[in-house]
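1. Sequence and predicted model, in that order:
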Amino acid sequence: MKKNVLILCTGNSCRSQMAEGVLRHYGHKLYNVYSAGSKPSRVNPIGIQVMNEISIDISNQRSKHWDEFKNIPMDYVITVCGKADQACPVFPGNAKRLHWGFDDPPHEAEVSPAVLDAFRNVRDAIHTKFKRAALNGIDAADNP
């Protein structure tokens, strides 16, 4: 039976969306993967772009409020930003809460080489962590 995993970030626009894409890509047979935020906005187009560079398409994902998932028993709730970790509500069931923090990429309107590099660095860190979680288990990825 698949485990339910909810990945949280404040805006549910970039880090949590990337993590959802990676975990779903590698772990779709083991996990039902969701992402949400406390103040959802929209999926960041630069995040979509850099994920496409590693052949993971998140363009059909959407930003969601975490209230959408309050009635789904989660096995894991993973926060990827400090604000979401502090504000995370309690979800039904015995969800294991984890915090895997990642830097927030710049929120600049202009896509410069420096902005792309920052997004790629965050993507690469998320990819490494969540691919490990998909292939070795979330609990294994939680240990250094």
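-> Structure received. Residues are numbered from 1 along each chain as shown.

2. Need the mean per-residue confidence for the lengthiest helix in the chain.
-> When the chain is parsed with DSSP state H, its longest helix is helix 113-136. Across helix 113-136, the average pLDDT comes to 96.

3. Also stretch 16-29?
-> 97.

4. Over to stretch 32-47?
-> 94.

5. same question, stretch 73-83
-> Rounded mean pLDDT across stretch 73-83 is 87.

6. And that stretch, what's buried?
-> By neighbour count on 16 or more other Cβ atoms under 10 Å, the buried set for stretch 73-83 is M74, D75, Y76, V77, I78, T79, V80, C81, K83. Using the backbone N, CA and C atoms, a C-beta is placed for each residue, glycine as well.

7. Now flag whichever of those is closest to E110.
-> Of all the buried residues of stretch 73-83, E110 sits closest to C81, with 23.0 Å by Cβ to Cβ.

8. Tell me the spacing between the closest one and Y26.
-> C81 sits 22 Å away from Y26, going by Cβ to Cβ, to the nearest Å.

9. just F69 next, same as before
-> For F69 relative to Y26 (Cβ to Cβ), the value is 21 Å.
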